[in-house]
Every structure is written in C-alpha cells, then in structure tokens.
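Chemist: Kindly return the folded structure for what I paste below:
(one chain, ligands or ions: 1)
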Amino acid sequence: MHFHVLTLFPEMVSQGLSESILGRAAKKGCIELEAVNIRDYTENKHKKVDDYPYGGGAGMLMQAQPVYDACAAVKERIAMRRAEEGTPIPDAADEKGELPRVRVIYVTPQGEVFTQQMAEELAREEDLIFLCGHYEGIDERVLEEVVTDYVSIGDYVLTGGELPAMVMIDAVSRMVPGVLKNEESAETESFQGGLLEYPQYTRPEVWHDRPVPPVLLSGDHSKVEKWRLEQSEERTRQRRPELYEAYSRTDRAVSYLSKDRLSHMDMLEVIRRGQADVIRAEESGVLLHDRPSGAWMLSASDEDMGERLLSEIPREEKELLFLVHQAFLRDSIARRFHRNLVNECIQAVYTRKRPPACAADFMVRPLVPQNVDAVYESYHAVHSRTYLLERIEAGEMFGIDENGRLAAFAGTHAEGSMGMLEVLPDHRRRGMGEALEACLIARQLEKGWVPFCQIFDGNEPSLRLQKKLGLKLASGRLYWIS
Ligand code: ADE
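Modeler: The predicted structure follows:
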C-alpha cells in the first residue's frame, strides 16, 4: 500500500508515522509513505502558495496551481512505478488518457465521517493520495478537478489536514496484510463484527485485591470464547447503545434469513461481507441496503410486513434498485414506486469449501478498460456501459482470449454475485464458461465468502453450467427491479 500525502508540512507527516508499528511496516515494505511538499510545486518565485479570497473574508486560501501540479506529479510517479512493476490489473487512464485513476482524499471537516468500514474499503486500494488543507481552505476549482473523496475524522475543526490524514493512514495501514504481527488481531479488536472488544487481563493474577475472572484461568477454550462474546455484547450495550442496536438488528436479520439459506444467500453474503446496512430486521422480514450497488434488498414472509419494510425506503432517491424475494413485493414496488422493469432470477449457491475441479485449462486474465465495448455488445440490454466499465476498473471482470481476441468473459457484480458470463458464439462448448466461473468461485472462497449467482429465468445453458460446477439451486425466485 502506497500513501502519498500532499501537504505544506511534510515533516510533520513523515515523522509522525515513522515510529512504532507503522515505522516497522514501512521498513518491512508493507506500506510506503511519500510526503509531498505542495510548496515545491508553486510557480510563484517567492514560493507563495496562498492568497486572499475573492469576495473578501478572513484568512488566506491555498491556490489551485501548486495543489494541481503536486497531485499530477504524484500520479505520474505512480504511473511510472506501476509500469515498472507491471501491475497485473492495469489501471484505467483518466479522461485525458494519461494518468492512473487514484483516489484523492481531501481531509476536511465538511467530508463524510471516517469509519472502520471506510478504513477497510480504502485498504483494498494500491495507492491513496491525501490532500491536506491549511489556512481557510483550498480554491474550490482544484478540488473539483482532483478530489474523489471528501472525508472528515469527526465533527470538530483542527488547524490543518495533517493530523486527520495521519489518523486515516494509521487506521487503513493496520488493515493491510502483514502490518500487524498477528494477522488475527486486526479482526478481533474493537469494532470488528460491530462489537467493542472484551476486557483483557495480564499478570499478576491478583492486583489491588482484584482477581482475574476465573474463567480465563480455566484453560477451557470454548468457555473463554463464550465469556468474551458476552462481555463484548454487554460492554457495547452499555457504552455504545447505537452500535449494540445495529449488532442486534444484524443478529435478527441473520436468523430470519437462515430459515432458507439458499434462497437468501445474496442477503446473508452482503451482511457477511460487511457491505450492507441492516435497516430493519423483524421475525417476519428483513430490509437491507447494500452500499456498493445501492440496492434495497427485501424479504418478507407476509404482505403486511412487506408493506412496512417498503415504507422505510426513501422515495426521493432517483435511481432506485431493488432485489426482492417474493412476488408480492414485486407487485407492491410497482404500485408504490412505479418501477416495473423486472428480471426474474433463480439463485444458485456454491456450498463447498474447495473450488470446483475444472477439466479445461485456459489462461484467465483480468479485463482492461479497452475491453468494455466487447462486453457491452453482449450486455447492452441489461447493463449500462458505465456499469460494465466500473466493474472492469474494480478488477472484477475476467476474460479468456483466443487468437488475440476476447473469446469469453465473466465477472462479479457490485453487490457480489457472479455473473455477466458470456462465451462468444464461435468459442462455445469448449469449457470456457466453466473455467471462468471456476476462477470466480476460487477467488471468492479465498476471501472466506460463499459464492453465488443469479440466473435469468429460462437461461437453460447457464442452469446446466451451475449444476455441472456443483452449485445448488434455491427453491425461491428473486426479482431485480430497476
Ligand atoms: N481539517 C480540519 N478539521 C478536520 C477534521 N475534523 N477532519 C478532517 N479534516 C480536518
């Protein structure tokens, strides 16, 4: 993971992050920090980087030119490094076709509040650029041109963006593999699984007349685990009631959805993968909001509950997308939201732990943005070109070439299902589809996920492929409505 910090105080950042765990991680090469002095990029002969705001007002503003040039220089260096490394998943060039697309995070109290979830998401990037403001801020025009994310570390105002950038770099770094000594500790500490950490004790066994809880000395592993979970739950309930409420909603959601696991694997998986908010969970129904796709996912055991769940969805949203598990919900959505573009699907789930053995041996490679039109030709009726490009850029689309041309492709949708599988007519019946899906399954199993896909009603070749690869078909139908 490469961090690049654009700042007027580079030493504050490099010194602040050179000690302890992050210092060690940098020495090991798990993370790399580049603190870039914005002042080095000013065209002003007095090295000035700020000026008075138009329209008057207190303080000075950072000017657009040095910020823009510092950012462009960093992106150029990233492009060169990636070219040297021969990064396997090529990055999309930006609109002008020159620089790699890298997230540029402007740290500002006006941004979205930073969370553990965000840290986990950012840890999946290869490079991150942080832009630290000073004085009264930065000229809006350069922000509009370079910034991809506006992030705050909380509702208070600091004197500059360096400390917030360092806070975020610390939280992101500890999610990068190899940074923490014990890989497990990134997963068990506070906030993971939505609970605060349980209390911990070390020697001596009795201190100030206070003994260590006896269960921890019992040597009984399962009793210790049970006690720790109870402590975590109780601590969260007392200290962070809003976190506890979200945790118990998730618990209720999982128990409703587990009554028919195959049919609900899509909803169970978005919860497991930590990408969904559980909006409502009752004994007879669940409403989730999947963040990556923006989809509202619903299942209800009766129409009454269905109506109640639907009433929680804001009507103002322009591009509503639903995934529902009952036909009555499909009809209610048509009435309520006037949406009736429906795809009826059957869910197939890969329940084994090992990836399927695959007879055919093809070279499967990640798709690059230049492949988008070939993919779009097969999918223009179902997905927009923008969506397909976004999946390619996310590194989630793969293909097989023959004689230098794309012969087959498949990928993972924003909400996590496998799909978009197409073998071009001249290449069918040779196992390319099987090889591609087996590759997607293997990637998901590696992450500890349960792979699943959704097959359009009537797509017999796909149903045959799922059976061949050992996926189990759910009994219920599901409906995508856009
Ligand atoms: N810059 C100043 N205050 C900040 C905050 N709370 N979060 C992020 N950046 C900031």
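Chemist: Show me the helices in the stretch 51-200 of the chain, by range?
Modeler: All helices of the stretch 51-200 of the chain, identified by DSSP state H, counting those that start in this stretch, fall at 64-85, 116-122, 140-146, 162-173, 185-188.
Chemist: Around the ligand, pick out the residues from the chain.
Modeler: Val107, Thr108, Pro109, Ser152, Ile153, Gly154, Tyr156, Val157, Leu158, Gly161, Pro164 (C-beta under 6 Å from any ligand atom). For every residue, glycine as well, the C-beta is placed using N, CA and C.
Chemist: Give the buried subset of the residues you listed as a ChimeraX selection command.
Modeler: To isolate the buried members of the residues of the chain next to the ligand in ChimeraX, using 16 or more other C-beta atoms under 10 Å:
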select :107,108,109,152,153,161,164
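Chemist: need the residues of the chain next to the ligand in a markdown table with pLDDT, can you?
Modeler: Below are these laid out as a markdown table (pLDDT from 0 to 100):
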| residue | pLDDT |
| --- | --- |
| Val107 | 98 |
| Thr108 | 97 |
| Pro109 | 96 |
| Ser152 | 98 |
| Ile153 | 98 |
| Gly154 | 97 |
| Tyr156 | 96 |
| Val157 | 95 |
| Leu158 | 96 |
| Gly161 | 97 |
| Pro164 | 98 |
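Chemist: related to what we said a few turns ago, from the helices of the stretch 51-200 of the chain, which stretch is densest packed?
Modeler: helix 162-173 (a mean of 21; mean count of other C-beta atoms under 10 Å).
Chemist: what does that one contact?
Modeler: With contact meaning C-beta atoms under 8 Å, 6 or more residues apart in numbering, helix 162-173 is reached by 1, 3, 5, 7, 9, 12-13, 16-17, 21-22, 25, 30-31, 33, 105, 107, 114, 116, 119, 122-123, 128, 130, 132, 151-153, 158, 179.
Chemist: picking that back up, which stretch in the helices of the stretch 51-200 of the chain is the model least sure about?
Modeler: Mean pLDDT is lowest for helix 185-188 out of these, coming in at a mean of 58.
Chemist: Which helix or strand lies directly C-terminal to that helix?
Modeler: strand 206-207 (DSSP states H and E).
Chemist: which residues sit against that next one?
Modeler: Val212.
Chemist: Now it: average pLDDT?
Modeler: pLDDT averaged over strand 206-207 gives 98.
Chemist: Check stretch 25-42 too.
Modeler: On average, stretch 25-42 scores 96.
Chemist: so how far does that stretch reach from one end to the other?
Modeler: Using C-alpha to C-alpha, to the nearest Å, one end of stretch 25-42 lies 32 Å from the other.
Chemist: same thing with stretch 447-464?
Modeler: OK, stretch 447-464 end separation, C-alpha to C-alpha: 26 Å.
Chemist: now stretch 269-278
Modeler: Stretch 269-278: ends 12 Å apart by C-alpha to C-alpha.
Chemist: Just the C-alphas of stretch 418-426, formatted as CSV.
Modeler: This file holds the C-alpha atoms of stretch 418-426, laid out as CSV (Å, rounded to 0.1, in the frame of the first residue of the first chain):
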residue,chain,number,x,y,z
MET,A,418,-21.1,-13.8,-10.0
GLY,A,419,-22.4,-13.1,-13.5
MET,A,420,-22.0,-11.3,-16.8
LEU,A,421,-20.8,-14.7,-18.2
GLU,A,422,-20.7,-14.8,-22.0
VAL,A,423,-18.9,-17.2,-24.3
LEU,A,424,-18.9,-15.7,-27.8
PRO,A,425,-20.6,-18.0,-30.4
ASP,A,426,-17.5,-19.4,-32.2
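Chemist: which residues are contacting that stretch?
Modeler: So stretch 418-426 is contacted by 375, 378-379, 383, 388, 391, 397, 406-413, 432-433, 436-437, 440-441, 444, 451-454, 462, 465 (C-beta under 8 Å, 6+ apart).
Chemist: The same query, at a cut-off of 7 Å, please.
Modeler: For stretch 418-426, the surrounding residues in contact (C-beta atoms under 7 Å, 6 or more residues apart in numbering) are 378-379, 407-413, 432-433, 436-437, 440, 451, 453-454.
Chemist: Report all helices and strands that the stretch of helix or strand Lys468 belongs to contacts.
Modeler: Using DSSP H and E, Lys468 falls within helix 460-469. Where contact means 3 or more C-beta pairs under 7 Å, 6 or more residues apart in numbering; DSSP states H and E, helix 460-469 is packed against helix 432-446, strand 452-456.
Chemist: Let me have these in CSV, adding mean pLDDT and mean neighbour count as columns.
Modeler: Below are these laid out as CSV (pLDDT from 0 to 100; neighbours: other C-beta atoms under 10 Å):
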stretch, mean pLDDT, mean neighbour count
helix 432-446, 96, 20
strand 452-456, 96, 22
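Chemist: Next, count neighbours for the one residue in the stretch 351-482 of the chain that gets nearest to the ligand.
Modeler: Nearest residue of the stretch 351-482 of the chain to the ligand: Ala394, at 26.4 Å (C-beta to the nearest ligand atom). Around Ala394 there are 14 other residues, counting by other C-beta atoms under 10 Å.
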